[in-house]
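Q: A predicted structure for the sequence below; I have some questions about it.
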Amino acid sequence: DAGITQSPRHKVTETGTPVTLRCHQTENHRYMYWYRQDPGHGLRLIHYSYGVKDTDKGEVSDGYSVSRSKTEDFLLTLESATSSQTSVYFCAIRPGQGAGVEYNEQFFGPGTRLTVL
Amino acid sequence: GESVGLHLPTLSVQEGDNSIINCAYSNSASDYFIWYKQESGKGPQFIIDIRSNMDKRQGQRVTVLLNKTVKHLSLQIAATQPGDSAVYFCAENMYGGDDKIIFGKGTRLHILP
C-alpha cells in the first residue's frame, strides 16, 4: 500500500459545513495528489503537491483547497461542503523514477467516502 | 476539451480466455500512457505503462499496445482469471511534463465462470 493512509474513511456531513480530509504517507515522497471519483467520470484530479507548501490546481479544483505543511501530510479542505461534492476521494503519491518504480507510477490510498446531505 | 475515453463500459469474458480492453485518446501531445486496475472498494493499482516511442510492451500476463496513428491504446490480459475482475482505467500524461495524469472513465471487466 506504499504507506498511504486516509482519514476519515467515511464521513457524512451537511451542506455548508467545512470538511477536511487527511492523507498521510510514511515514505517521504515529494509528489502527492487528491482525486475524486464519481460514476461516469473516472478519476479527476483536484489538487496536487510537488513539495512542502508547493501545490497546484487540477481539473476540478473549485470549492476545494489544500495544504501541505510537512512532507508526510496533504490535507484537502472543503470550505463549505455541497451535495455535488459527495464522492469518493483518493489520495495518491508518486515516488518518481528509481527503486523499481516507473517515472509516473502513482500509488493510491484506500479512499474516503464523503456524503454531503 | 481533450479527454481519454473508453469504447466499452463493461466487458464480459469467459475464464481462461484473453481479454482486450480498449482506450481512445485525443491529446496528440500525450506521450506516456498508463493502465490502472481498481478492485471494488480499493484504490487504483498500477498495471503497466508505455511511452510513445514504443508500440508494444509486455508484463506478466498483460500486454499494452499503442497505435499512435489512430490514437488508440489497448490492454490485453492473457488467460483471464477471476482475480482479474475489476475496473480498468487508461490514463495519459506528457512524460517529463507537469504532474497531471488524465484518467479515462473506466471499463468494468466481468469474468464468466
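A: Here it is on my side, so go on.

Q: count of residues packed around whichever residue of chain A sits closest to chain B?
A: Residue nearest to chain B within chain A: A:Phe108 (3.0 Å; CB to the nearest CB). (Each C-beta comes from the backbone N, C-alpha and C, glycine too.) By other CB atoms under 10 Å in any protein chain shown, 23 other residues sit near A:Phe108.

Q: cool, and B:Ile111?
A: B:Ile111, neighbours per other CB under 10 Å, totals 19.

Q: And it, how far from A:Thr15?
A: According to CB to CB, to the nearest Å, B:Ile111 stands 40 Å off from A:Thr15.

Q: Which SSE is immediately downstream of the helix or strand of chain B at the bottom of the mean pLDDT ranking?
A: Here the helix or strand of chain B ranked lowest by mean pLDDT, DSSP states H and E is strand B:4-6, holding a mean of 44. Sequence order places strand B:10-14 as the next helix or strand after strand B:4-6, per DSSP states H and E.

Q: Who is B:His72 paired with across the strands?
A: For B:His72, the beta-bridge partners are B:Ala24, B:Asn67 (DSSP bridges).

Q: Same question for the one 5 residues further on.
A: Listed by DSSP bridges, the beta-bridge partners for B:Ile77 are B:Ser19, B:Val62.

Q: how many neighbours does it have?
A: B:Ile77: 21 neighbours (other CB under 10 Å).

Q: contacting residues for it?
A: Each residue near B:Ile77 by CB atoms under 8 Å, 6 or more residues apart in numbering or on different chains is listed here: B:Asn18, B:Ser19, B:Ile20, B:Ile21, B:Arg61, B:Val62, B:Asp84, B:Leu109.

Q: picking up where we left off before, quickly list what the residue of chain A closest to chain B is bridged to.
A: Bridge pairing for A:Phe108 - DSSP bridges - gives A:Ala92.

Q: tell me the pLDDT at it?
A: Looking at A:Phe108, its pLDDT reads 94.

Q: again, but for the one 3 residues further on
A: Here, the pLDDT recorded for A:Gly111 equals 95.
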